[in-house]
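Q: this one's structure only:
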């Protein structure tokens with residue numbers, strides 16, 4: 001039976017170099033990596049991660065915990081994480097807790113504590129100090145995406161700050177009647193995302209000395225369909241229509257654009273719309289947005305946990321603010337003249 005020593009002899013390399021080359025762990029020159037892979041292919045050799053796990057105590061597997069796999073944000077994070085792990089030679093175990101407390105309890109009190117994963121990436125899940133303590137006690141490095149976690153390394157964006165920037169973009173164009181599409185109370189459970197983005201909107205409006213009419217602040221479920229229904233209701237019932245809408249996500253911004261079309265409102269001539277995310281459909285709808293580089297956040301989380309695994313380190317408590325990019329497209333412009341707006 002062909003072993004790694006046979007591959008090393010065929011490639012003219014040491015066993016350690018071949019192991020690093022085939023596993024993707026540690027530094028190996030491109031030429032040595034190619035020689036090792038070519039020799040392994042010729043001999044039909046596949047590195048046994050099970051055997052290496054027994055020797056090293058590692059599984060070469062990272063657990064990714066998400067509240068859902070159906071929403072764009074979470075699926076984009078999964079894509080970014082999985083691509084980075086594949087590049088690094090790691091497997092991925094996905095835990096979709098679905099918002100169920102019982103499932104969450106089982107994942108953090110049982111599954112992640114077993115010898116199944118080397119590290120954990122938690123997305124938009126506000127872990128308790130006890131959950132973090134248990135993971136660190138069994139040497140599972142943790143990286144959170146979405147908000148600060150006590151005692152763990154985290155990656156997030158400045159939700160309030162970018163919401164303020166999005167609103168100021170509309171103010172800078174001359175809009176004074178600016179509505180806000182926020183998230184339902186359900187989404188306040190972890191990291192209070194809707195509240196953070198709403199606070200940025202309110203701060204910008206307050207600094208501009210502008211009123212916020214209750215009829216102009218509506219909520220939806222961060223989906224196109226949900227925002228479409230809420231935007232239709234707002235546009236139909238508001239005593240005075242806004243000339244611009246800041247939506248807390250790109251999908252809700254797209255739903256608002258579709259609702260505006262139902263009322264014969266031209267975007268952006270009669271209604272400007274801006275979102276936050278960097279959604280794949282943003283370009284199709286000409287949506288002005290703030291791109292939060294979701295896949296990049298996932299890839300950064302992978303780099304952090306692998307660095308900790310490779311160096312047998314406990315990740316330092318570090319709150320990393322991920323950069324965002326303002327993308328101006330055709331969905332925002334100066335407001336309509338008073339004569340053309342209601």
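A: Received, thanks. For clarity, every value in this text was computed on a predicted model and none was experimentally measured.
Q: what residue ranges in the stretch 151-300 of the chain score low on pLDDT?
A: 186, 188-190 (pLDDT under 70).
Q: 50 - rerun?
A: Of all residues in the stretch 151-300 of the chain, none has pLDDT under 50.
Q: show me where it has helices.
A: Taking DSSP state H, counting those that start in this stretch to define them, one finds helices in the stretch 151-300 of the chain at 159-172, 193-207, 224-237, 250-262, 294-310.
Q: what does the shortest one contact?
A: Helix 250-262 is touched from outside by 72, 181, 183, 220, 222-232, 235, 245, 247, 266-267, 270-271, 273-279, 281-282, 285, 287, 289, 331, with contacts defined as C-beta atoms under 8 Å, 6 or more residues apart in numbering. Quick note: C-beta positions are derived from backbone N, CA and C, even for glycine.
Q: So for residue 58, which of the helices of the stretch 151-300 of the chain sits nearest?
A: Comparison of those against residue 58 by C-beta to C-beta identifies helix 294-310 as nearest, at 6.9 Å.
Q: Which residues are in contact with residue 173?
A: With contacts defined as C-beta under 8 Å, 6+ apart, residue 173 is in contact with 244, 272, 332-335.
Q: Identify those among the residues you listed that sit within strands.
A: Secondary structure from DSSP state E places 244, 272 of the contacts of residue 173 in strands.
Q: Going through the contacts of residue 173, which ones are buried?
A: Neighbour-count burial (16 or more other C-beta atoms under 10 Å) is assigned, among the contacts of residue 173, to 244, 272, 332-333, 335.
Q: Would you format those as CSV with distance to residue 41 included?
A: Output for those, formatted as CSV (distance: C-beta to C-beta, whole Å):
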residue, distance to residue 41
244, 58
272, 56
332, 53
333, 57
335, 63
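Q: so which of the residues you listed would you say is closest to residue 83?
A: The shortest distance between residue 83 and any of the buried ones among the contacts of residue 173, using C-beta to C-beta, involves residue 332 and amounts to 31.8 Å.
Q: So residue 152 sits against residue 144, correct?
A: Yes. Taking C-beta atoms under 8 Å as the contact criterion, residue 152 and residue 144 are neighbours in contact, 5.6 Å apart.
Q: Which neighbours do these two have in common?
A: By C-beta under 8 Å, 6+ apart, residue 152 and residue 144 have these common neighbours: residue 127.
Q: what sits against the spatially most central residue of the chain?
A: If you average the C-alpha coordinates of the chain and look for the closest C-alpha using C-alpha atoms, centre = their mean, you land on residue 294, 4.0 Å from that point. Contact analysis of residue 294 by C-beta under 8 Å, 6+ apart lists 73, 76-77, 80, 277-278.
Q: repeat that with 6 Å
A: Remark: with contacts taken as C-beta atoms under 6 Å, 6 or more residues apart in numbering, residue 294 is in contact with 73, 76-77.
Q: which among these gets closest to residue 62?
A: Ranked by distance to residue 62 (C-beta to C-beta), the contacts of residue 294 are led by residue 77 at 12.9 Å.
Q: ok, now which ones touch the closest one?
A: Residue 77 makes contact with 123, 294, 298 under the criterion C-beta under 6 Å, 6+ apart.
Q: Export those as JSON lines, with columns for distance to residue 63.
A: As requested, those are exported to JSON lines (distance: C-beta to C-beta, whole Å):
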{"residue": "123", "distance to residue 63": "11"}
{"residue": "294", "distance to residue 63": "19"}
{"residue": "298", "distance to residue 63": "14"}
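Q: Out of the residues you listed, which comes closest to residue 174?
A: residue 294 (31.3 Å).
Q: ok, now how distant is the closest one from residue 79?
A: As judged by C-beta to C-beta, to the nearest Å, residue 294 and residue 79 stand 8 Å apart.
Q: Which neighbours do those two have in common?
A: What both residue 294 and residue 79 touch, as defined by C-beta under 6 Å, 6+ apart, is an empty set.
Q: Just the pLDDT for residue 309.
A: The pLDDT attached to residue 309 in the predicted structure is 86.
Q: I'd guessed it sits against residue 120; true?
A: No. With contacts counted by C-beta atoms under 6 Å, residue 309 stays clear of residue 120, the gap being 11.1 Å.
Q: who's more crowded, the two?
A: For residue 309 against residue 120, the residue with the higher neighbour count under other C-beta atoms under 10 Å is residue 120, and the figures read 26 against 22.
Q: and the more buried one, that's in a strand?
A: Yes. Counting by DSSP: H, G, I helix; E, B strand; the rest coil, residue 120 is found in a strand.
Q: Mark out where each domain of this structure begins and ends.
A: The record's domain parsing of the chain by automatic domain parsing lists 4-47, 59-157+294-311, 159-291.
Q: Ok, which of these comes nearest residue 320?
A: Distances from residue 320 to each of the domains of the chain were compared using C-beta to C-beta; the shortest belongs to domain 59-157+294-311, at 4.9 Å.
Q: What ranges does the chain have for its strands?
A: If you assign secondary structure with DSSP E, the strands in the chain sit at 61-66, 91-96, 119-123, 142-145, 153-156, 178-183, 217-220, 244-247, 272-277, 288-291, 319-321, 325-327.
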